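Asker: Got a predicted model here, sequence first, then my questions.
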Amino acid sequence: MRLETERLFFRRWEENDAEILYQEASNPEVGPPAGWQPHKSVEESLEIIRSVLNGPEAYAICRKEDGMPIGSIELRLKDKTDLTDKDDECELGYWLARPFWGQGIMPEAAAEMLRHAFEDLGMTKVWCGYYDGNTKSQRVQEKCGFTYQWTTEGLEVKQMNEIRTGHVNMLSKEEWEAQK
């Protein structure tokens with residue numbers, strides 16, 4: 001099964017992607033809004049590929065025109081998320097390299113992952129969150145039809161050594177089908 005859109009395709013992260021991942025994820029505008037530190041070396045990016053970007057539904061977002069990875073998207077299943085413990089629910093997580101912001105790429109990628117979640121994986125709900133101030137992530141979720149569920153203050157963001165406010169949204173299969 002190939003996951004793709006008009007401009008993009010998704011594939012598994014590979015160890016030989018470490019250098020391009022480092023180039024994208026070392027930008028301090030990318031990770032901190034999502035709660036993770038900028039990558040400090042190609043070796044760190046390689047370890048992230050091996051230990052974080054290795055979930056069963058974790059993908060590099062690649063441009064069709066040149067196959068270059070420009071971001072990451074994942075459906076975090078019940079063992080990799082704290083938003084649900086149900087087999088038929090998951091969490092959507094994503095980030096995009098800075099040069100590709102503002103081009104509608106992430107809503108396009110997220111829409112395909114939502115289709116995959118509901119049609120291919122049989123999910124009934126997809127959860128998604130963002131931290132206060134991450135308006136780009138908030139906008140992606142709004143464009144994809146997610147609806148507000150709750151806000152939590154005083155969240156410990158361990159990788160950033162900070163306390164933040166987090167917002168959680170959800171999209172049900174019924175809501176997704178109604179907006180198609």
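Answerer: Looks like it came in fine.

Asker: ok, the spatially closest residue to Lys78 that is not a sequence neighbour to Tyr148 distance?
Answerer: Excluding the flanking residues, the one nearest Lys78 by CB to CB, 6 or more residues apart in numbering is Asp85, at 5.2 Å. Backbone N, C-alpha and C define where each C-beta goes, glycine included. As judged by CB to CB, to the nearest Å, Asp85 and Tyr148 stand 21 Å apart.

Asker: So which elements touch the host helix or strand of His167?
Answerer: His167 belongs to strand 162-172 when assigned by DSSP states H and E. Applying 3 or more CB pairs under 8 Å, 6 or more residues apart in numbering; DSSP states H and E, we find strand 162-172 packed against strand 125-131, strand 147-157.

Asker: which one of the ones you listed lies closest to Val30?
Answerer: Closest of those to Val30 is strand 125-131, at 13.7 Å (criterion: CB to CB).

Asker: okay, the angle between whichever helix or strand comes after the closest one and strand 147-157?
Answerer: Moving toward the C-terminus from strand 125-131, the next helix or strand (DSSP H and E) is helix 135-143. Counting by axes from the mean of the first three to the mean of the last three CA atoms, to 10 degrees, helix 135-143 lies at 150 degrees to strand 147-157.

Asker: Next, the buried residues of helix 135-143.
Answerer: Lys136, Ser137, Gln138, Val140, Gln141 (16 or more other CB atoms under 10 Å).

Asker: C-alpha coordinates for that helix, PDB please?
Answerer: Only the C-alpha atoms of helix 135-143 are listed here, as PDB (Å, rounded to 0.1, in the frame of the first residue of the first chain):
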ATOM      1  CA  THR A 135      -0.500  28.400  15.900                       C
ATOM      2  CA  LYS A 136       0.800  26.500  12.800                       C
ATOM      3  CA  SER A 137      -0.100  23.200  14.300                       C
ATOM      4  CA  GLN A 138      -3.400  24.500  15.500                       C
ATOM      5  CA  ARG A 139      -4.300  25.700  12.000                       C
ATOM      6  CA  VAL A 140      -3.500  22.300  10.500                       C
ATOM      7  CA  GLN A 141      -5.800  20.700  12.900                       C
ATOM      8  CA  GLU A 142      -8.600  23.200  12.300                       C
ATOM      9  CA  LYS A 143      -8.200  22.700   8.500                       C
END
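
Asker: what helices or strands is that helix leaning on?
Answerer: So helix 135-143, by 3+ CB pairs under 8 Å, 6+ apart, packs with helix 105-115, strand 125-131.

Asker: And the average pLDDT for it is what?
Answerer: Average pLDDT, helix 135-143: 97.
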